[in-house]
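> A predicted structure for the sequence below; I have some questions about it.
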2 protein chains.
Amino acid sequence: MKAKNVSIQTLRRLPLYLHYLKSVKSETPTISATMLAEALGAGDVQVRKDLGSVSGNGRPKKGYVTEELIVDLEDYLGCNDRTPAVLIGAGNLGRALLSYNGFSDYGLEIVAAFDASDAVAGTKAGDKTVLPMSKLKKVCEDSGAKLGIITVPAAGAQDACDKLVSCGVTAIWNFAPTVLKVPPEVLVENENLASSLAVLSKHLSENGAAR
Amino acid sequence: MKAKNVSIQTLRRLPLYLHYLKSVKSETPTISATMLAEALGAGDVQVRKDLGSVSGNGRPKKGYVTEELIVDLEDYLGCNDRTPAVLIGAGNLGRALLSYNGFSDYGLEIVAAFDASDAVAGTKAGDKTVLPMSKLKKVCEDSGAKLGIITVPAAGAQDACDKLVSCGVTAIWNFAPTVLKVPPEVLVENENLASSLAVLSKHLSENGAAR
């Protein structure tokens, strides 16, 4: 079963379900939407609807065979497809993403890292050598990477983005605190750490804890 | 002027405005909401409303004196307040956050890093020595930290969260791909990298680029 109309909100929740199911599969051979909702502190109706949209294997009263639901979620999320990506900006955050092994569960493979600084290109980042920007086009062509990860400072982000787009990248994961301009066919997913921090700080100051 | 009813959506956008204004302040002494909206690819009405909610210094036709608007935004976001925080989980992501200097612009100071693993506690992370969990309570008390950052694997996240809450932490920045259960007074901000990745991967597969 392949769902066609899964909302972006549902899509964002699916990895959380998958992660939880994988963590309990050995002791939980079957699971209902209600059980999953309870475990994750989420709404019963929402979880039922989310699961129903990606798996046709739920049984009334019984719920899902955990292993089958895992397969359906992995299939829907493309976890077994390989998604090659390139990363621009081999600073601390870039290096952390390069060495974070959790992404491989979702099929992501960062095939190469680039940096505009001559001082950084040529250094090691994890098991890779950081490449100069001049190699970007060839690496994108050879690897088929259509996903670009931007971990440069804000001032350099649009330039990095433009270079990625000119190399055929159609999805950009932007960690720089700036708004990128892209052609309509390119999707940008912003990871705004400063925005999250603003929400947390405001909560603290309103509750009298910041000082 | 202190705004009272700023929505969480507005709050998330304010750091982006601030970041942009700081990057252009030397060559842009005054700026209108329209100019800012255009530069960031955002809606004119939205930016005007957002700015109006945190600054009373806008002038019809003229817009804002950039420096004044920066001060109002920094004031509203508490950038000049010090927000001490503790971090649990000194793996790659934790170390990246520790050495990322962009957070200090928002007043965040990670005062100490902890790790449940005996092999990790005692090692260096940036300019800090990673501490064992047994020191958490004392550090929270001494530093007044009310913000906790969780960068442990999902399986250990609830335990890290419970420990933070028991030490008086009331705001949690969760990078683990799991849903945390907390008392009602505690705010959790989830940074779900896997969710972002799901959105990007789906865009690629629907556009025939994943392989």
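Great, that's in hand.

> what about the strands in chain A?
Here chain A has its strands, by DSSP state E, at A:30-31, A:64-65, A:83-88, A:108-115, A:124-125, A:128-129, A:131-132, A:147-150, A:171-174, A:187-190.

> want to throw these into a markdown table with mean neighbour count, mean pLDDT and distance to chain B?
Every residue, glycine included, has its C-beta placed from N, CA and C. Below are these laid out as a markdown table (neighbours: other Cβ atoms under 10 Å in any protein chain shown; pLDDT from 0 to 100; distance: least, Cβ to the nearest Cβ, whole Å):
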| stretch | mean neighbour count | mean pLDDT | distance to chain B |
| --- | --- | --- | --- |
| strand A:30-31 | 18 | 95 | 15 |
| strand A:64-65 | 18 | 95 | 18 |
| strand A:83-88 | 26 | 96 | 5 |
| strand A:108-115 | 22 | 95 | 6 |
| strand A:124-125 | 16 | 88 | 11 |
| strand A:128-129 | 15 | 92 | 14 |
| strand A:131-132 | 17 | 97 | 20 |
| strand A:147-150 | 28 | 97 | 6 |
| strand A:171-174 | 25 | 95 | 5 |
| strand A:187-190 | 18 | 91 | 4 |
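
> can you redo the ones you listed as CSV with distance to A:Ala198?
Output for the strands of chain A, formatted as CSV (distance: least, Cβ to Cβ, whole Å):
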stretch, distance to A:Ala198
strand A:30-31, 37
strand A:64-65, 39
strand A:83-88, 25
strand A:108-115, 28
strand A:124-125, 29
strand A:128-129, 33
strand A:131-132, 34
strand A:147-150, 21
strand A:171-174, 17
strand A:187-190, 14
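
> nearest to B:Val130 among these would be which one?
Closest of the strands of chain A to B:Val130 is strand A:124-125, at 21.5 Å (criterion: Cβ to Cβ).

> who does that closest one pair up with?
According to DSSP bridges, strand A:124-125 has the following sheet partners: strand A:128-129 (antiparallel).

> list the contacts of the strand it pairs with.
Here strand A:128-129 makes contact (Cβ atoms under 8 Å, 6 or more residues apart in numbering or on different chains) with A:98, A:110, A:112-113, A:122-123.

> tell me what the longest helix seen in chain A is packed against?
Ranked by residue count and defined by DSSP state H, the top helix of chain A is helix A:8-24. Contacts defined by 3 or more Cβ pairs under 8 Å, 6 or more residues apart in numbering or on different chains; DSSP states H and E place helix A:8-24 against helix A:33-40, helix A:44-54, helix A:66-77, helix B:154-166, helix B:193-206.

> how about chain A: which residue is closest to chain B?
Going by Cβ to the nearest Cβ, chain B is nearest to A:Ala96 of chain A, at 3.2 Å.
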